[in-house]
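Engineer: Sequence first, then the predicted structure, then my questions.
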Amino acid sequence: MEPRVYHMSRFVQFFYCAMGLCFIGAGVFLVHQLGFGAMLVAVPFSLPGIYCWRWALHSRLTLTETDIFVRYAFGEDSAQRSEIEGWRKESGGRSGPWWVLQLRDNSGSLRIDQKFAVDDAFLDFLSTLRNLNDGELSIVP
């Protein structure tokens, strides 16, 4: 199986890049209007913008024959398929829904944002795992 690489959907990338641009623009505007003395106010506006840009453009989900890798703005995580006990769906609050891959022996979990533009190959992979919400094998929503 050839590695499958998934990015955030184009709409999500556009939305988070636009939101990041607004934050960065607000910081630059403050520095431009108030001078460099406004850096204490401008930096807190710009940092979320940088995070939004990096999250939208750097996030990646990679599925190989033996492993799954998830990369977000400033972190990454991975697991071997044999380590995965099952999956469950979490609402995630304001950040949206997540797939959570629970590792065996309660050794942790791998959170996957459902904003990734996945295809049938990824959904087929999930359907081979036990759905921990239902406690049985089931079709992925």
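Structural biologist: Here it is on my side, so go on.

Engineer: how many neighbours does the residue nearest to residue 122 when sequence neighbours are not counted have?
Structural biologist: With sequence-adjacent residues excluded and distances taken as CB to CB, 6 or more residues apart in numbering, residue 122 is closest to residue 63, at 5.8 Å. No exception for glycine: its C-beta is placed from N, CA and C like everyone else's. Neighbourhood size, residue 63 [other CB atoms under 10 Å]: 22.

Engineer: residue boundaries of the strands in the protein?
Structural biologist: 4-6, 60-63, 67-71, 76-80, 84-90, 98-103, 109-113, 130-131, 136-137 (DSSP state E).

Engineer: between the ones you listed, which gets nearest to residue 35?
Structural biologist: strand 67-71 (38.1 Å; CB to CB).

Engineer: re earlier: so the residue nearest to residue 122 sits right up against residue 4, yeah?
Structural biologist: Yes. Between residue 63 and residue 4 there is a contact at 4.5 Å, judged by CB atoms under 8 Å.

Engineer: Tell me which residues touch the residue positioned nearest the centre of the chain, please.
Structural biologist: In the chain, the C-alpha closest to the average C-alpha coordinate belongs to residue 113, at a distance of 4.3 Å (CA atoms, centre = their mean). Contacts for residue 113 (CB atoms under 8 Å, 6 or more residues apart in numbering) come out as 8, 59, 72, 92, 95, 96, 98.

Engineer: still on that earlier bit, need the residues touching each of residue 63 and residue 4.
Structural biologist: If you check residue 63 and residue 4 against CB under 8 Å, 6+ apart, the residues they both contact are 121, 122.

Engineer: elements contacting the longest helix seen in the chain?
Structural biologist: Scanning the chain for the helix with the most residues, using DSSP state H, yields helix 10-34. With contacts taken as 3 or more CB pairs under 8 Å, 6 or more residues apart in numbering; DSSP states H and E, helix 10-34 sits against helix 39-58.

Engineer: This completes my enquiry, with thanks.
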